[in-house]
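> Here is my input; please provide its structure:
(chains A, B, C and D)
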Protein chains: 2
Amino acid sequence: MSTSERLIESTRELLWERGYVGTSPKAIQQRAGAGQGSMYHHFTGKPDLALTAIRVTAQEMRDRAEEELSAPGTAFERVSAYLRRGRDVLRGCPIGRLTQDPDVVADPALRRPVDETFAWLRDRLADVLAEGRDRGELDAALDPVATASAVVAVLQGGYVLARAAGSAEPFEQAVDGVLGLLAARVVPTPSP
Amino acid sequence: MSTSERLIESTRELLWERGYVGTSPKAIQQRAGAGQGSMYHHFTGKPDLALTAIRVTAQEMRDRAEEELSAPGTAFERVSAYLRRGRDVLRGCPIGRLTQDPDVVADPALRRPVDETFAWLRDRLADVLAEGRDRGELDAALDPVATASAVVAVLQGGYVLARAAGSAEPFEQAVDGVLGLLAARVVPTPSP
DNA sequence: GTCTATATGATGATAGAC
DNA sequence: GTCTATCATCATATAGAC
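Numbering: from 1, shown residues only, chains lettered A, B, ... in the order given. Take a look at the predicted model:
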């Protein structure tokens, strides 16, 4: 891995662990095993490096979600697989946590990839739900867009509850809760 | 307001706006109109002041929630009133945002009031839902604990989505989504 | 490309006068 | 109780040698 790549990886880790405000150039350099000169040669400063790191993490998150959401199965099965995928819950969401960073939210360039990631995710989930509804798998009265937003919110809020509790349990309960509600909207298949 | 109270209020505001890591003693003092000596006379340091501030905010949040959840009405009406209460969505939740602060989560004393607040809220919502189920207002198969966790998670996640988007819209959609799912579990009242 | 100075201001606190 | 030094360290760079 090149010095530039190591700097990006270090920044990705630190942004996840400590956020933008809590991450110093010095800490990035130390974790990457690089000096000050290297960092300021490859990047104009902390915002530039952070933007690069955020973009990589955002792309990774989209790719991972697309895997589950484009898999075969009913809409309910795919949403369920996405929500129940193994996660290191107590670490939280590397993109969602950035929304609590005042300097990220205040800078349009830094906020943009965060915004786009969640917008894409809600749209993608809404598509899956709308498809399930149109196929007759889900209740015709289900609102795909609102439900998709609720599903993404449960994930992000689940992380918050888990970190507050110091345990993954509230996250799992919240996922159980929303899937339980959604399951009640699944149209029963006529027996063969 | 005494100097001590002004210091607490300033800390509450700054913790909400910038988090624990992003809040400096100097900023607290300036906003409170107090000198260094005053702050270190009344409090042992930043953690002590933050703990006091967090406790006040947590109590305020519980009192406010209790108002809506103990109001008259069906379980669905009370949960709905709680979720739809007017909120300054883009500011986020003053307690939930602390879960993204590494120094808060790492310090058991600071994390405790955050943990207790969410534990209380989930329990209280679960009580309301269980009561509604036992009264026959809600489907007997509804899981009160899991559903309560999902409701709180939608709120916390809604803030995340709203701050990412720079708009309250995703928050409102998420609330619509979970209430739409819950409404489908309301047992129809027999017409008189 | 990487390194070592060097610089300005902030951070989080202590000491002691008033 | 409040104020003004004073302090060591960190944050975020820039300059210039190698």
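> use CA for all of it now, contacts and neighbours both
Noted.
> in what helix or strand does the closest residue to A:Leu69 other than its chain neighbours lie?
Spatially, and ignoring its direct neighbours in sequence, A:Leu69 is nearest to A:Arg78 (5.5 Å; C-alpha to C-alpha, 6 or more residues apart in numbering or on different chains). Using DSSP states H and E, A:Arg78 sits within helix A:75-84.
> how many other residues sit next to the residue of chain A found nearest DNA strand D?
Using C-alpha to the nearest atom of the strand, the closest approach of chain A to DNA strand D is made by A:Ser24 at 3.5 Å. A:Ser24 sits with 15 neighbouring residues when counted by other C-alpha atoms under 10 Å in any protein chain shown.
> Near DNA strand C, which residues of chain A are found?
Contact residues (C-alpha under 7 Å from any atom of the strand) of chain A with DNA strand C: A:2-4, A:34-38, A:41-42.
> Return a ChimeraX selection command for the buried portion of the residues you listed.
Buried residues within the residues of chain A next to DNA strand C, by 16 or more other C-alpha atoms under 10 Å in any protein chain shown, are selected in ChimeraX with:
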select /A:3,4,34
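> of the residues of chain A next to DNA strand C, closest to chain B?
A:Gln36 (23.3 Å; C-alpha to the nearest C-alpha).
> May I have the secondary structure class of A:Pro94?
Following DSSP: H, G, I helix; E, B strand; the rest coil, the label given to A:Pro94 is coil.
> That one: what's it in contact with?
A:15-16, A:57 (C-alpha atoms under 8 Å, 6 or more residues apart in numbering or on different chains).
> Out of these, flag the one nearest to DNA strand C.
Distances from DNA strand C to those, taken by C-alpha to the nearest atom of the strand, are shortest for A:Leu15, at 17.3 Å.
> Just give the closest residue to that closest one, not the sequence neighbours.
A:Thr23 (6.5 Å).
> Now the phi/psi pair for the one you found, please.
phi -110, psi 120 (degrees, to the nearest 10).
> need the contact list for it.
So A:Thr23 contacts A:11, A:14-15 (C-alpha under 8 Å, 6+ apart).
> Out of those residues, grab the one that's most surrounded.
A:Thr11 (29 neighbours).
> For the closest residue to that residue other than its chain neighbours, grab the count of nearby residues.
Excluding the flanking residues, the one nearest A:Thr11 by C-alpha to C-alpha, 6+ apart is A:Ile28, at 5.8 Å. A:Ile28 has 26 neighbouring residues, counting by other C-alpha under 10 Å.
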